[in-house]
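**Q** The amino acid sequence is not available; the structure is as follows:
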Ligand code: SAH
Ligand code: SF4
Ligand code: F3S
């Protein structure tokens, strides 16, 4: 087999990170090895994100940057959510792209590559690109290789994909398709293979991960996320289970109980609220009120008192008044987040939000984002500072930039820098937190026993 080089650039969410890993797994048997730059690559895949305008624009500018590196043999593919949403447009604007595919068709990559290769061999030239953005009947998960090629101490496993919620600002239901839950046995199998290869932490992924309802192991019914996590917790060697991203509408007792009863389920929850104003939540079609969200947080804290919370916020959604924005700030003050992401509303073609009147001027969006981020930043810093002096288990999942330094994660998903020998990479050890900044912690190892 001829050895070939593969470069993948990943934009967007963790699901895209997972998809990129799986694309590399699919291409490995064809002789492709991952490299870090597009120069010298036989195949380049841009695994794209369509969520905001900026993410989309980046794809076109990166395509322009890659073009000079593209020689006769290079196959250039655009995958992911921009591929899904704008396939034909990409082919038109960048006819030198060989393949455009969506998130649900990447199991067919080998076939597409063979076709692209035939077209190159026949010197058919630009404009003969392959477009595969169907939502196939078969699930790609049934066609992915069993083994992950590269594994570290922490791994992602997709358990649910797609979205039926149709928030009025969001492209995901159009780019990822309808909600689909993988069967419990398939997930258990994938997780178990990872754990056998030394994975200690698994993050279960889904666009609406807590809407998960997969076929039970013996096919007698459906299990929710809480039951799935209880099942995975029986895997010997799996220390930590996380999940993302949840939706407030799909929170149930089972999930809260899982936090209370399963030690492997980490005390951290990313539960996006987007806005603190009932009026805006309604127009966003979030299908819940401010009170519903706050009630969930209260219940969750009752079951799991040390849980750290995270959220996503959108400022400047059409019609958002200063009062609506104040409601968001108040909600943030009321909840108290360990970390959070916040964005300016970006109107997306094809979503109902883009057609609403009363779009908010860019300067107001920027100004509100500044105020919100200042508040969130203060909370994040305070949360990090509250950890100083405490000891907690840290999973060393990344190598530091400097020799003798490792990076790890606390149970609350904070990054910790620790002076530690390279051999501790992959270990989960008790670390005493000595310093905190707004974005990370610094600590020292206080025991060499595994968690
Ligand atoms: N499924 C998740 C989020 C998916 S997208 C959920 O339901 O919460 C990730 C985040 O991007 C969203 O939570 C939202 O805050 C942000 N986002 C989505 N569409 C956006 C848009 N048009 N403009 C700005 N931010 C957006
Ligand atoms: Fe987008 Fe809403 Fe679905 Fe989340 S729940 S993916 S924000 S439509
Ligand atoms: Fe982006 Fe698609 Fe994820 S739009 S956020 S890559 S689901």
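**A** In hand now; what should we look at? Owing to the predicted nature of the structure, the values given are computational and were not obtained by experimental measurement. Ligands and ions are numbered 1, 2, ... in the order given.

**Q** what about the helices in the chain?
**A** Remark: helices assigned in the chain by DSSP state H are 14-27, 53-66, 80-93, 109-121, 172-176, 184-196, 225-232, 253-261, 278-283, 290-303, 322-335, 362-385.

**Q** Quick check: residue 26 vs residue 263, distance?
**A** 35 Å (C-beta to C-beta, to the nearest Å). Every C-beta, even on glycine, is put in place using the N, C-alpha and C of the backbone.

**Q** Show me which of those two is the more surrounded one.
**A** residue 26 (20 against 10; other C-beta atoms under 10 Å).

**Q** which residues does the closest residue to the more buried one other than its chain neighbours contact?
**A** Using C-beta to C-beta, 6 or more residues apart in numbering and skipping the chain neighbours, the partner closest in space to residue 26 is residue 109 (5.5 Å). By C-beta atoms under 8 Å, 6 or more residues apart in numbering, residue 109 lies in contact with 23, 26-27, 77, 99, 101.

**Q** could you redo the last one with a cut-off of 7 Å?
**A** 23, 26-27 (C-beta atoms under 7 Å, 6 or more residues apart in numbering).

**Q** how does this structure divide into domains?
**A** Segmentation of the chain into domains, based on automatic domain parsing, reads 4-132, 152-266, 295-386, 391-450.

**Q** does any part of stretch 354-373 sit near ligand 1?
**A** No. If you take C-beta under 6 Å from any ligand atom as the test, stretch 354-373 misses ligand 1, and the best it gets is 8.3 Å.

**Q** what's around residue 43, how many residues?
**A** Around residue 43 there are 24 other residues, counting by other C-beta under 10 Å.

**Q** For it, name its beta-bridge partners.
**A** residue 6, residue 75 (DSSP bridges).

**Q** where's it relative to ligand 3, distance?
**A** To ligand 3, residue 43 is 20 Å away according to C-beta to the nearest ligand atom, to the nearest Å.

**Q** Distance check, the closest residue to residue 407 other than its chain neighbours against ligand 2.
**A** In this structure, residue 407 finds its nearest non-sequential neighbour in residue 398, 4.0 Å apart by C-beta to C-beta, 6+ apart. Going from residue 398 to ligand 2 by C-beta to the nearest ligand atom gives 28 Å.

**Q** ok, residue 398 touching residue 405?
**A** No. Contact criterion C-beta atoms under 7 Å: residue 398 and residue 405 do not qualify, at 9.8 Å.

**Q** who's in contact with residue 146?
**A** Per C-beta under 7 Å, 6+ apart, neighbours of residue 146: residue 193.

**Q** Residue 59 now?
**A** 46, 48, 78, 82.

**Q** In this structure the second one contacts residue 80, no?
**A** So that's residue 48. Yes. At 3.9 Å, residue 48 and residue 80 qualify as touching, with contact defined as C-beta under 7 Å.

**Q** per-residue confidence at the residue in the stretch 151-300 of the chain that ligand 1 sits nearest to?
**A** Closest residue of the stretch 151-300 of the chain to ligand 1, C-beta to the nearest ligand atom: residue 272 (3.4 Å). Among the per-residue scores, residue 272 holds a pLDDT of 98.
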